[in-house]
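Enquirer: Any chance you can model this:
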Amino acid sequence: MLDVTPYFTRPDGTYTFARWRRPLVPVIFGLADESLPIFKGAIEAVAAIARHGFAETDPEQGANLMIFVLRDWAELEAAPEIAELIPEITAALPRLIEQDARSYRLFRFETDGAIRACFAFLRVTGADDEPAAEDLALDQAVRAMLTFGAGAAPQVLASSGGGTVVHPDIAAILRAAYDPVLPDAAGDASHALRLSARAAR
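Expert: Residues are numbered from 1 along each chain as shown. Sure thing, here's the model as predicted:
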């Protein structure tokens, strides 16, 4: 049976699981027109695995899954409207620049712990060693669906017939995580046993 506990365990040892209850309303900033279908297709594909739906608009937020694509973190310093929308990014920016980070993601939550919104920042430089757009899009889509911890990092994607797919273990977790019987949020590791049992089906 797949042990899912590491996938939702934080560095301090706490277990934190959350999924969306709201339908997804994605919007992507900073992409060339030819790349938009790649990212939208990836989000749709991952949502289909989880059997989670979409909506035209979030009545309270407009959009609730926002992906910002940029070439350099310094671009955020020249975008006060983003800092106004997402104040947390201001505090994180020096660390992202120092670490030369490729991506950054933060969630906001409902009062009961379900995911309310996700803001993902993806730095795309065009370097030779950078993953293909399809891989980047699929990776970001997966990571926006659940509050994965660091344990999921090396296993999100897998190769298949010359292309990239969601790793079978991650696909099983996504399907199990969105089982209506399970809660939208959990902070007890006993939840992982229920999730593991469903992922093994």
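Enquirer: now the strands: where do they sit in this protein?
Expert: Assignment of strands within the chain using DSSP state E yields the ranges 17-18, 26-29, 65-70, 103-109, 115-123, 157-160, 163-166, 185-186.
Enquirer: For the chain, give me the ranges with low pLDDT.
Expert: The chain contains residues with pLDDT under 70 at 150-155, 162.
Enquirer: same thing but 90
Expert: For the chain, applying pLDDT under 90 flags the ranges 1-3, 11, 31-35, 77-80, 83, 125-133, 149-165, 200-201.
Enquirer: How about the contacts made by the residue nearest the centre of the chain?
Expert: Centrality entry for the chain: nearest residue to the mean C-alpha point is A144, 1.8 Å, by CA atoms, centre = their mean. Going by CB atoms under 8 Å, 6 or more residues apart in numbering, A144 touches I43, L65, I67, R105, C118, A120. Every residue, glycine included, has its C-beta placed from N, CA and C.
Enquirer: mind putting those residues in CSV, distance to A199 included?
Expert: Converted to CSV, the contacts of A144 look like this (distance: CB to CB, whole Å):
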residue, distance to A199
I43, 22
L65, 23
I67, 26
R105, 23
C118, 22
A120, 24
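Enquirer: Whichever of those residues end up buried, select them in ChimeraX.
Expert: Buried subset of the contacts of A144, written as a ChimeraX selection, criterion 16 or more other CB atoms under 10 Å:
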select :43,65,67,118,120
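Enquirer: Just the C-alpha atoms of the biggest helix by length in the chain, please, in PDB.
Expert: Criterion DSSP state H: the longest helix present in the chain is helix 36-50. Taking C-alpha atoms only, helix 36-50 is exported to PDB below (Å, rounded to 0.1, in the frame of the first residue of the first chain):
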ATOM      1  CA  LEU A  36      -1.500  29.500 -22.800                       C
ATOM      2  CA  PRO A  37      -3.200  26.400 -24.200                       C
ATOM      3  CA  ILE A  38      -0.400  24.200 -22.800                       C
ATOM      4  CA  PHE A  39      -0.900  25.500 -19.300                       C
ATOM      5  CA  LYS A  40      -4.700  25.500 -19.500                       C
ATOM      6  CA  GLY A  41      -4.600  22.000 -20.900                       C
ATOM      7  CA  ALA A  42      -2.400  20.800 -18.100                       C
ATOM      8  CA  ILE A  43      -4.700  22.200 -15.500                       C
ATOM      9  CA  GLU A  44      -7.700  20.600 -17.100                       C
ATOM     10  CA  ALA A  45      -5.900  17.300 -17.300                       C
ATOM     11  CA  VAL A  46      -4.900  17.300 -13.700                       C
ATOM     12  CA  ALA A  47      -8.400  18.400 -12.600                       C
ATOM     13  CA  ALA A  48      -9.900  15.500 -14.600                       C
ATOM     14  CA  ILE A  49      -7.700  13.100 -12.700                       C
ATOM     15  CA  ALA A  50      -9.000  14.500  -9.400                       C
END
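Enquirer: Nice, that's everything, thank you.
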